[in-house]
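A.B. asks: Below are the sequence and a predicted model for it; my questions follow.
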Amino acid sequence: MVQPPHRPTARTKIPNLFLAGDYVQVPVDLATMEGANTSGKLAANALLDATGSGAQRAPVIPMYEAPELESFKKHDETRYRLGLPNAFDLG
C-alpha cells in the first residue's frame, strides 16, 4: 500500500519525539481505531529502535485488501480526479 505523503511517520527528525494516532502513516489508510493502534505499535517500535533496545518489537500486520475491490477503487480514483462525486453518493 502506498503511504499518504502528507501524513507524518511515527518516528520524527526530533530524536525524542514519536507520533501515534490515526493521522500517522500506517499500512491501514483509513482514519480508524485500527490505524491508530497500528501507529502506536510503530511508535513503540521506533522508540525501541532509537534506544537500541533488544526487546521484542510489536507486530505490525498490514490490513487485508480484497483484490475483488481494486476495479472499484480505480473507478473511484478516476471520478475523484475528474471532480465527480463517488458513485455511491446519493445526495
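C.D. replies: All right, it came through fine.

A.B. asks: How much space separates the residue nearest the centre of the chain from Thr78?
C.D. replies: Centroid-nearest residue in the chain, with C-alpha atoms, centre = their mean: Val26, separated by 2.5 Å. Here the distance between Val26 and Thr78 works out to 25 Å (C-beta to C-beta, to the nearest Å). In this view, the C-beta of every residue, glycine as well, is placed from N, C-alpha and C.

A.B. asks: do Gly91 as well
C.D. replies: From Gly91 to Thr78 the distance is 21 Å (C-beta to C-beta).

A.B. asks: and Arg57, how many residues sit next to it?
C.D. replies: The number of residues packed near Arg57 is 13, by other C-beta atoms under 10 Å.

A.B. asks: What strand or helix carries it?
C.D. replies: Using DSSP states H and E, Arg57 is not contained in any helix or strand.

A.B. asks: What of the one 3 residues further on?
C.D. replies: Secondary structure assignment for Val60, by DSSP H and E: no helix or strand.

A.B. asks: Confirm for me that it is in contact with Ser39.
C.D. replies: No: Val60 is not in contact with Ser39 according to C-beta atoms under 8 Å; the separation is 9.4 Å.

A.B. asks: between these two, what contacts are shared?
C.D. replies: Jointly contacting Val60 and Ser39 under the rule C-beta atoms under 8 Å, 6 or more residues apart in numbering are Val26.

A.B. asks: Understood, closing this out.
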